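Peer 1: 3D model of this:
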Amino acid sequence: MRALIPLLCRWLLLAGSAIAAAAAAAAAPVVDARLAGHWQLDAAASDSFDTQLQHYLAATQQAQRQHDRRHRRFELTQAETAAGVPDELPPEPQETQRQRLVDALRPPTQLRIALQGDAVEFAPDDLPPSSMPVDEVMIRVDASGSAQVRLKPASGGMSLSYRYLGDARRSQQYQLDGKTGTLRVTLVWQEHDGVKFTLRSVYRRQGV
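Peer 2: Predicted coordinates for the structure are as follows:
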């Protein structure tokens, strides 16, 4: 009987490992396979990028003016000035800001999505494809700087979240519309001033 105890313990250990592995595999996030394919932007059904950007830049200018007025009312003491308190960085020129956001946020006219095991590959327009592992944090660099990026599956879709060095945040929600067969992409961008840029784009499968 004593000789059977080690064998029984070993069997229980192996069984427990198998159950844990099966549970982990069952709980592993899965991206909806229907997202894969070649998608074409439906400009008529989508928000106008240029219009939304114009509204956003106007709002950020207003927020900057309010910030400047508050800053002018704030006076440093002589002791703080003598201690060498650094001056605030000058605001980014609007044209520079506009071009940066155009480069980073303008939606592609064509988008190819491919599922590769536990990763998703994005190929926008003529740019080289980029691969994102599912539910892992990656470092990406774009026109707005370096960011931690994470892709998470969701029911009938997926989301990409960006956390840039500083206060900038960006999210992209990809959602399939079961009735129309379209792919709806909602992009939200927010910088330090708290003003949000929101853009809703509609994509249709090419050849459909």
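
Peer 1: from here on, contacts and neighbour counts on C-alpha atoms
Peer 2: Will do.

Peer 1: any low-confidence regions in this protein?
Peer 2: 1-29, 64, 66-89, 208 (pLDDT under 70).

Peer 1: Let me see the ranges of the helices in the chain.
Peer 2: 4-27, 49-73, 78-82, 94-105 (DSSP state H).

Peer 1: Touching, Val31 and Pro153? I think so.
Peer 2: Yes. Judged on CA atoms under 8 Å, Val31 makes contact with Pro153 at a distance of 5.2 Å.

Peer 1: hey, what's in contact with both of those two?
Peer 2: Residues touching both Val31 and Pro153 by CA atoms under 8 Å, 6 or more residues apart in numbering: Val134.

Peer 1: more neighbours, these two?
Peer 2: Legend: neighbour count by other CA atoms under 10 Å for Val31 and Pro153, higher for Val31 (22 against 17).

Peer 1: if I look at Gln62, how far off is Arg106?
Peer 2: In this view, Gln62 and Arg106 are 23 Å apart by CA to CA, to the nearest Å.

Peer 1: Actually, Gly145.
Peer 2: 16 Å.

Peer 1: And for Glu191?
Peer 2: 16 Å.

Peer 1: And Ala154, by the same measure?
Peer 2: Distance of Ala154 to Arg106, given as CA to CA: 24 Å.

Peer 1: Could you do Arg65 as well?
Peer 2: Where Arg106 is concerned, Arg65 sits at a distance of 26 Å (CA to CA).

Peer 1: Please apply the same query to Asp177.
Peer 2: Taking CA to CA, one finds Asp177 at 22 Å from Arg106.

Peer 1: now do Val185
Peer 2: In this view, Val185 and Arg106 are 12 Å apart by CA to CA.

Peer 1: cool, His192 as well?
Peer 2: Applying CA to CA to His192 and Arg106 gives a distance of 20 Å.

Peer 1: okay, the two: which has more neighbours?
Peer 2: Ranked by neighbour count (other CA under 10 Å), His192 and Arg106 place Arg106 first, with 14 against 11.

Peer 1: burial of the spatially closest residue to the more buried one that is not a sequence neighbour, as a residue count?
Peer 2: Distances taken as CA to CA, 6 or more residues apart in numbering place Phe49 nearest to Arg106, at 6.6 Å, with adjacent residues excluded. Residues contacting Phe49 under the criterion other CA under 10 Å number 18.
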